[in-house]
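In: Sequence and predicted structure, then a few things I'm wondering about:
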Amino acid sequence: MKTVLITGATRGIGKEIARQLAEKGLFVYIGSRNIEKGIEVENQFKNQGVSNIKAIEIDVTNPGTILSAKEQIEAEQGKLDILINNAGILGGVPQKASDTPVDAIREVFDTNFFGVISVTQTFLDLLRKSDSPRISNITSGLGSLTLHSDPGWPYYDVKGTSYVPSKTALNAYTVVLAYELKDTPFKVNAIDPGYTATDFNNHSGHLSPENAAAFIIKHTLTSEDAPTGKFFSNDIKDESEQSPW
(Lines give C-alpha, C1' and ligand atoms only; values in the text may rest on other atoms or scores of the structure.)
Protein backbone atom coordinates (compact mmCIF):
# COMPACT_ATOMS: atom_id res chain seq x y z
CA MET A 1 0.00 0.00 0.00
CA LYS A 2 1.36 3.40 -0.97
CA THR A 3 1.63 6.04 1.72
CA VAL A 4 0.87 9.73 1.28
CA LEU A 5 1.30 12.78 3.50
CA ILE A 6 -0.89 15.81 2.82
CA THR A 7 -0.14 19.02 4.70
CA GLY A 8 -3.07 21.23 5.59
CA ALA A 9 -5.52 18.37 5.15
CA THR A 10 -8.25 19.06 7.70
CA ARG A 11 -10.50 21.11 5.44
CA GLY A 12 -11.15 22.25 1.90
CA ILE A 13 -9.18 20.77 -0.96
CA GLY A 14 -6.67 19.02 1.31
CA LYS A 15 -9.40 17.13 3.13
CA GLU A 16 -11.00 16.09 -0.15
CA ILE A 17 -7.66 14.90 -1.54
CA ALA A 18 -7.31 12.76 1.59
CA ARG A 19 -10.75 11.26 1.08
CA GLN A 20 -10.25 10.42 -2.58
CA LEU A 21 -6.78 8.95 -2.11
CA ALA A 22 -7.93 6.81 0.81
CA GLU A 23 -10.82 5.55 -1.29
CA LYS A 24 -8.26 4.59 -3.95
CA GLY A 25 -6.52 2.38 -1.39
CA LEU A 26 -3.60 4.55 -0.32
CA PHE A 27 -2.72 5.04 3.34
CA VAL A 28 -3.19 8.74 4.01
CA TYR A 29 -1.66 10.87 6.73
CA ILE A 30 -3.85 13.92 7.38
CA GLY A 31 -1.37 16.68 8.18
CA SER A 32 -2.72 19.14 10.72
CA ARG A 33 -1.25 21.99 12.75
CA ASN A 34 -3.79 21.17 15.45
CA ILE A 35 -3.73 17.45 16.20
CA GLU A 36 -7.14 17.60 17.91
CA LYS A 37 -8.68 18.93 14.70
CA GLY A 38 -6.82 16.27 12.75
CA ILE A 39 -8.17 13.51 14.97
CA GLU A 40 -11.66 14.94 14.58
CA VAL A 41 -11.35 14.69 10.78
CA GLU A 42 -9.84 11.21 11.05
CA ASN A 43 -12.83 10.07 13.11
CA GLN A 44 -15.22 11.61 10.58
CA PHE A 45 -13.64 9.54 7.84
CA LYS A 46 -13.63 6.36 9.92
CA ASN A 47 -17.29 6.83 10.78
CA GLN A 48 -17.88 6.88 7.02
CA GLY A 49 -16.02 3.59 6.60
CA VAL A 50 -12.66 5.03 5.51
CA SER A 51 -10.13 3.33 7.76
CA ASN A 52 -6.77 3.69 5.97
CA ILE A 53 -6.27 7.24 7.22
CA LYS A 54 -4.54 8.81 10.21
CA ALA A 55 -4.09 12.30 11.61
CA ILE A 56 -0.56 13.53 12.16
CA GLU A 57 0.62 16.77 13.73
CA ILE A 58 2.68 18.91 11.38
CA ASP A 59 3.01 22.68 11.35
CA VAL A 60 5.02 23.59 8.25
CA THR A 61 6.45 26.62 10.06
CA ASN A 62 7.63 24.55 13.02
CA PRO A 63 10.72 22.40 12.28
CA GLY A 64 10.16 20.35 15.43
CA THR A 65 6.75 19.11 14.33
CA ILE A 66 8.04 18.43 10.81
CA LEU A 67 10.83 16.22 12.16
CA SER A 68 8.47 14.47 14.58
CA ALA A 69 6.06 13.72 11.73
CA LYS A 70 8.89 12.34 9.63
CA GLU A 71 10.06 10.10 12.48
CA GLN A 72 6.52 8.85 13.09
CA ILE A 73 5.91 7.97 9.44
CA GLU A 74 9.33 6.32 9.22
CA ALA A 75 8.58 4.18 12.28
CA GLU A 76 5.10 3.21 11.06
CA GLN A 77 5.65 2.87 7.31
CA GLY A 78 9.40 2.81 6.64
CA LYS A 79 8.97 5.08 3.60
CA LEU A 80 6.81 7.76 2.02
CA ASP A 81 5.56 7.47 -1.54
CA ILE A 82 3.78 10.79 -2.03
CA LEU A 83 4.16 14.22 -0.48
CA ILE A 84 1.46 16.76 -1.25
CA ASN A 85 2.47 20.21 -0.05
CA ASN A 86 -1.01 21.67 0.32
CA ALA A 87 -0.81 23.88 3.43
CA GLY A 88 -1.10 27.56 2.61
CA ILE A 89 -2.40 30.87 3.89
CA LEU A 90 -3.76 33.92 2.10
CA GLY A 91 -2.63 36.63 4.48
CA GLY A 92 -4.53 39.81 5.12
CA VAL A 93 -6.16 41.78 2.32
CA PRO A 94 -5.69 44.12 0.61
CA GLN A 95 -2.01 43.43 -0.11
CA LYS A 96 -0.75 46.61 -1.73
CA ALA A 97 2.84 46.69 -2.92
CA SER A 98 3.26 50.18 -1.52
CA ASP A 99 2.35 49.60 2.12
CA THR A 100 1.93 45.91 3.04
CA PRO A 101 4.13 45.41 6.12
CA VAL A 102 7.18 43.26 5.51
CA ASP A 103 6.31 41.12 8.53
CA ALA A 104 2.93 40.32 6.97
CA ILE A 105 4.64 39.27 3.72
CA ARG A 106 7.16 37.21 5.64
CA GLU A 107 4.38 35.38 7.50
CA VAL A 108 2.80 34.24 4.24
CA PHE A 109 6.15 33.20 2.77
CA ASP A 110 6.94 31.22 5.94
CA THR A 111 3.97 28.94 5.22
CA ASN A 112 3.59 29.00 1.45
CA PHE A 113 7.26 28.91 0.46
CA PHE A 114 9.74 28.24 3.26
CA GLY A 115 7.35 25.75 4.86
CA VAL A 116 7.23 23.72 1.65
CA ILE A 117 11.01 23.67 1.48
CA SER A 118 11.34 22.61 5.12
CA VAL A 119 8.86 19.76 4.75
CA THR A 120 10.29 18.60 1.43
CA GLN A 121 13.90 18.58 2.58
CA THR A 122 12.99 16.73 5.78
CA PHE A 123 11.04 14.00 3.96
CA LEU A 124 13.34 13.50 0.97
CA ASP A 125 15.18 10.53 2.46
CA LEU A 126 11.86 8.73 3.15
CA LEU A 127 10.66 9.52 -0.36
CA ARG A 128 13.88 8.10 -1.80
CA LYS A 129 12.90 4.73 -0.31
CA SER A 130 9.85 4.64 -2.60
CA ASP A 131 9.93 3.03 -6.04
CA SER A 132 7.92 5.92 -7.51
CA PRO A 133 8.18 9.00 -5.30
CA ARG A 134 5.94 11.96 -6.07
CA ILE A 135 6.01 15.54 -4.80
CA SER A 136 3.06 17.75 -5.68
CA ASN A 137 3.31 21.42 -4.72
CA ILE A 138 -0.15 22.95 -4.66
CA THR A 139 0.13 26.34 -6.28
CA SER A 140 -2.16 28.93 -7.88
CA GLY A 141 -2.57 30.49 -11.27
CA LEU A 142 -2.05 33.74 -9.38
CA GLY A 143 1.62 32.77 -9.19
CA SER A 144 2.02 33.06 -12.96
CA LEU A 145 4.01 36.14 -13.99
CA THR A 146 2.94 35.62 -17.61
CA LEU A 147 -0.76 35.76 -16.74
CA HIS A 148 -0.32 38.68 -14.36
CA SER A 149 1.19 40.63 -17.26
CA ASP A 150 -1.80 39.97 -19.53
CA PRO A 151 -4.62 42.56 -19.17
CA GLY A 152 -6.96 40.11 -20.91
CA TRP A 153 -6.59 37.48 -18.17
CA PRO A 154 -9.83 37.18 -16.11
CA TYR A 155 -7.90 37.54 -12.84
CA TYR A 156 -5.59 40.33 -14.03
CA ASP A 157 -6.77 42.71 -11.31
CA VAL A 158 -6.30 40.17 -8.50
CA LYS A 159 -2.86 41.28 -7.38
CA GLY A 160 -1.21 40.86 -4.00
CA THR A 161 2.14 41.49 -2.36
CA SER A 162 2.38 38.36 -0.21
CA TYR A 163 0.22 35.49 -1.50
CA VAL A 164 0.90 36.05 -5.22
CA PRO A 165 4.74 36.18 -5.05
CA SER A 166 4.79 33.34 -2.51
CA LYS A 167 3.23 31.09 -5.16
CA THR A 168 5.58 32.45 -7.84
CA ALA A 169 8.49 31.51 -5.61
CA LEU A 170 6.95 28.07 -5.00
CA ASN A 171 6.73 27.52 -8.75
CA ALA A 172 10.40 28.42 -9.09
CA TYR A 173 11.36 26.01 -6.29
CA THR A 174 9.41 23.27 -8.05
CA VAL A 175 11.43 23.80 -11.23
CA VAL A 176 14.83 23.69 -9.52
CA LEU A 177 13.93 20.69 -7.35
CA ALA A 178 12.58 18.77 -10.34
CA TYR A 179 15.78 19.53 -12.22
CA GLU A 180 17.92 18.29 -9.35
CA LEU A 181 15.94 15.02 -9.23
CA LYS A 182 15.46 14.60 -12.99
CA ASP A 183 17.64 11.48 -13.24
CA THR A 184 15.76 9.70 -10.44
CA PRO A 185 12.27 8.15 -10.24
CA PHE A 186 10.92 11.37 -8.68
CA LYS A 187 8.16 13.37 -10.33
CA VAL A 188 7.95 16.90 -8.94
CA ASN A 189 5.22 19.20 -10.23
CA ALA A 190 3.31 22.37 -9.37
CA ILE A 191 -0.45 21.86 -9.53
CA ASP A 192 -3.04 24.62 -9.54
CA PRO A 193 -6.48 23.27 -8.53
CA GLY A 194 -8.19 26.30 -10.05
CA TYR A 195 -10.56 28.79 -8.47
CA THR A 196 -12.24 26.47 -5.99
CA ALA A 197 -15.05 27.24 -3.55
CA THR A 198 -13.51 26.81 -0.08
CA ASP A 199 -13.18 28.69 3.21
CA PHE A 200 -9.98 30.14 1.74
CA ASN A 201 -11.97 32.45 -0.56
CA ASN A 202 -15.32 32.54 1.27
CA HIS A 203 -16.61 29.91 -1.16
CA SER A 204 -16.48 32.32 -4.09
CA GLY A 205 -14.77 29.90 -6.48
CA HIS A 206 -16.57 28.26 -9.39
CA LEU A 207 -14.99 24.81 -8.96
CA SER A 208 -15.88 22.23 -6.32
CA PRO A 209 -13.35 20.72 -3.87
CA GLU A 210 -14.16 17.33 -5.38
CA ASN A 211 -13.19 18.53 -8.85
CA ALA A 212 -10.07 20.28 -7.59
CA ALA A 213 -8.92 17.23 -5.62
CA ALA A 214 -9.47 14.92 -8.59
CA PHE A 215 -7.32 17.21 -10.76
CA ILE A 216 -4.50 17.21 -8.22
CA ILE A 217 -4.65 13.44 -7.86
CA LYS A 218 -4.62 12.98 -11.64
CA HIS A 219 -1.30 14.80 -11.84
CA THR A 220 0.09 13.11 -8.73
CA LEU A 221 -0.64 9.41 -9.34
CA THR A 222 1.37 9.43 -12.54
CA SER A 223 3.25 6.81 -14.56
CA GLU A 224 7.00 6.48 -14.83
CA ASP A 225 7.04 8.27 -18.19
CA ALA A 226 5.02 11.24 -16.91
CA PRO A 227 6.54 14.72 -17.02
CA THR A 228 8.32 16.38 -14.12
CA GLY A 229 9.00 20.03 -13.41
CA LYS A 230 5.70 21.16 -14.95
CA PHE A 231 2.91 23.54 -13.96
CA PHE A 232 -0.59 22.09 -14.39
CA SER A 233 -3.66 24.31 -13.99
CA ASN A 234 -7.27 23.24 -13.65
CA ASP A 235 -8.24 26.57 -15.21
CA ILE A 236 -6.64 25.58 -18.53
CA LYS A 237 -9.02 23.24 -20.29
CA ASP A 238 -6.73 22.22 -23.15
CA GLU A 239 -4.42 19.80 -21.38
CA SER A 240 -2.05 19.78 -24.33
CA GLU A 241 -1.10 23.33 -23.33
CA GLN A 242 1.60 24.06 -20.76
CA SER A 243 0.35 26.36 -18.01
CA PRO A 244 2.27 29.65 -18.29
CA TRP A 245 4.78 30.37 -15.59
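Out: Everything's here; your move. Numbering: from 1, shown residues only.

In: which residues does the most centrally placed residue in the chain contact?
Out: Geometric centre of the chain, nearest residue: Asn86, 2.5 Å, by C-alpha atoms, centre = their mean. Going by C-beta atoms under 8 Å, 6 or more residues apart in numbering, Asn86 touches Ile6, Thr7, Gly8, Ala9, Ile13, Gly14, Ile17, Gly31, Ile138. No exception for glycine: its C-beta is placed from N, CA and C like everyone else's.

In: what's the answer for Lys37, then?
Out: Residues in contact with Lys37 (C-beta under 8 Å, 6+ apart) are Thr10.

In: So which residues of this protein form helices?
Out: Along the chain, counting by DSSP state H, helices occupy 12-23, 35-47, 63-77, 102-109, 115-127, 145-148, 163-180, 209-218.

In: Show me what the longest one is packed up against.
Out: Put plainly, it is helix 163-180. Applying 3 or more C-beta pairs under 8 Å, 6 or more residues apart in numbering; DSSP states H and E, we find helix 163-180 packed against helix 102-109, helix 115-127, strand 134-138, strand 187-192.

In: So which residues make contact with the longest one?
Out: Meaning helix 115-127. Residues from elsewhere that reach helix 115-127, judged by C-beta under 8 Å, 6+ apart: 5, 7, 58, 60-61, 63, 66-67, 70, 73-74, 79-81, 83, 85, 87, 133, 135, 137, 170, 173, 177, 186.

In: for stretch 68-84, same thing?
Out: 2-7, 14, 17, 21, 26-27, 29, 31, 56-58, 119-120, 122-123, 126-127, 129-130, 132-136, 138, 216, 220-221.

In: run the last query once more with 7 Å
Out: 2-6, 17, 29, 56-58, 120, 122-123, 126-127, 129-130, 132-136, 138, 220 (C-beta atoms under 7 Å, 6 or more residues apart in numbering).

In: buried sites along that stretch?
Out: Ala69, Lys70, Ile73, Gln77, Lys79, Leu80, Asp81, Ile82, Leu83, Ile84 (16 or more other C-beta atoms under 10 Å).

In: Run through the bridge partners of Ile191.
Out: Ile191 has these beta-bridge partners by DSSP bridges: Ile138, Phe232.

In: returning to that earlier point: out of the buried residues of stretch 68-84, flag the one nearest to Ala190.
Out: For those, the closest approach to Ala190 (C-beta to C-beta) belongs to Ile84, at 11.8 Å.

In: gap between the closest one and Gln20?
Out: 11 Å (C-beta to C-beta, to the nearest Å).

In: what do you get for Gly38?
Out: Counting by C-beta to C-beta, the gap from Gly38 to Gln20 is 18 Å.

In: out of the two, which sits in the more crowded spot?
Out: Taking other C-beta atoms under 10 Å, Gly38 and Gln20 do not tie; Gly38 has more neighbours (21 against 17).

In: can you pull the pLDDT of the more buried one?
Out: Turning to Gly38, the model gives it a pLDDT of 98.

In: quick one: it and Ile30 touch, right?
Out: Yes - contact criterion C-beta atoms under 7 Å: Gly38 and Ile30 qualify, at 5.3 Å.

In: got any residues that touch both of those two?
Out: The contact lists of Gly38 and Ile30 share Thr10, Ala55, Ile56, where a contact means C-beta under 7 Å, 6+ apart.

In: which one of those is nearest Ser98?
Out: Looking across the shared contacts of Gly38 and Ile30 and measuring by C-beta to C-beta, the closest to Ser98 is Thr10, at 35.2 Å.

In: Got the phi and psi for the closest one?
Out: Main-chain dihedrals, Thr10, degrees, to the nearest 10: phi -100, psi 0.

In: Enumerate every residue touching it.
Out: Ile30, Ser32, Lys37, Gly38, Val41.

In: closest to Ser233 among these?
Out: Ile30 (25.4 Å).
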